[in-house]
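In: Any chance you could fold what I've pasted below:
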Amino acid sequence: MCKPCPFSLSTPSMRTQHQTKLSITLLVKVKGVWHAASNNLKMSKSRVQNPDLQDGINYWTSQPASLDGVLGGFGSGSLPRVDALGSRQFILDLLPELHSVPSTLKHLNAHHHPPTPAPHTRTRALDVGAGIGRVTSDVLLPLVSDVVLLEPVDPFIRTALERCQNSASLPSSHNDSGYAMGWEGMWDGRKSVSFFKGPLQAFDPERPQDGAEVLGRVGFLGGEGSGGGDGDGDDTMSGFDIVWCQWCLGHLDDDELVAFLGRSKKALRGPRSMIVVKENLCSQKVADEPRAVFDEQDSSLTRSDMAFKEIFARAGLKIVKERIQRGLPEGLYPVKMYALR
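Out: So this is what the prediction gives:
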């Protein structure tokens, strides 16, 4: 899992770094107060310590399975809402057909009803390092039909599953901070979320069940034409329109990340399908030289823009859109989104 982090070691009050639960959670791991002079941070232009998967899992297992826990204390502020809005807009800029609100250019009256999409047009997303399901509930479910959620930290994914199951029995609601308690499409069975427990290092998006423990599915159960191709409702190997990777890739070393992105590329459904990487960025320092920062506390890396772009190229991916997330609290590392195909 990952957390938003302060961009400068001279920041005395906190050092929030995106929650990077070892290829684990795509959420921001921001933990209250981190002193800038912390010896946990090691920066290098060349060699840097690689993340250790089990160390990362151990760290995140010790954190509360709550929005504040996965976001390092930023769960009750503006960060979750601003982050989710920025993510949805980024997706819709590239896939406008996922808009849930009808266009004002279309003819609307009491006698005109848009045709119901055929079952085979159901859209699918993969949310890796998903933590307690924040991105799934607030970003992906409002836009797509079915989500596969992957998370290696047991308390986090159990909480995500429980939240989703609760949503299936009650209409959508929000808590005092505006955090969505109900997951769209669960109560009426229009949408689905499938839960897989495991790390990114062992996960193949083309065959989810081979590298992870299946915990269950909530919501729409599929059927003929649902995407599985055989009419039995099993669409787990039907590929993805979106593979979402947020605040978790710092738990993979460069070779592991190249391999995972390569597997994800093979699992994309079509030419307009995409992988989205949304991660913290450290500064470049030296022009034309990639850089990474290692955090010993959760055993994760924060990479520079050039470091990510070199990895994308090694994985055979092209950047079709990139954007800095605006509106996050001051003092954090810049957070950037990349759409890859």
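
In: List the buried residues in stretch 323-341.
Out: For stretch 323-341, burial by neighbour count (16 or more other C-beta atoms under 10 Å) applies to 325, 328, 331-341. Any C-beta I mention is one placed from the backbone N, CA and C, and that applies to glycine too.

In: Farthest-apart pair in those, please.
Out: Gly331 and Arg341 (33.4 Å; C-beta to C-beta).

In: hmm, back to that, lowest-confidence entry in the buried residues of stretch 323-341?
Out: Model confidence across those bottoms out at Gly331, which has 85.

In: Can I get the buried residues of stretch 323-341 in CSV including distance to Ile242 and secondary structure?
Out: Converted to CSV, the buried residues of stretch 323-341 look like this (distance: C-beta to C-beta, whole Å; DSSP: H, G, I helix; E, B strand; the rest coil):
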residue, distance to Ile242, secondary structure
Gln325, 17, coil
Leu328, 22, coil
Gly331, 30, coil
Leu332, 25, strand
Tyr333, 24, coil
Pro334, 23, coil
Val335, 18, strand
Lys336, 17, strand
Met337, 12, strand
Tyr338, 13, strand
Ala339, 9, strand
Leu340, 11, strand
Arg341, 11, coil
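
In: What is the three-state secondary structure of Val214?
Out: strand (DSSP: H, G, I helix; E, B strand; the rest coil).

In: quick one, strands of the stretch 51-200 of the chain?
Out: 124-128, 146-151, 192-197 (DSSP state E, counting those that start in this stretch).

In: Kindly apply the preceding question to the stretch 201-341 of the chain instead.
Out: 213-219, 242-246, 274-280, 292-295, 300-303, 319-324, 335-340.

In: which stretches of the stretch 51-200 of the chain have low pLDDT?
Out: 101-120, 171-181 (pLDDT under 70).

In: Near the nearest residue to Gly216 once chain neighbours are set aside, how many other residues are there?
Out: In this structure, Gly216 finds its nearest non-sequential neighbour in Phe195, 5.5 Å apart by C-beta to C-beta, 6 or more residues apart in numbering. Phe195 has 25 neighbours, counted by other C-beta atoms under 10 Å.

In: What of the one 3 residues further on?
Out: Around Gly198 sit 20 other residues, with neighbours defined as other C-beta under 10 Å.

In: how close does the residue nearest to it when sequence neighbours are not counted get to Ser194?
Out: Counting by C-beta to C-beta, 6+ apart, Gly198 lies nearest to Ala212, which is 3.1 Å off, once chain neighbours are set aside. To Ser194, Ala212 is 10 Å away according to C-beta to C-beta, to the nearest Å.
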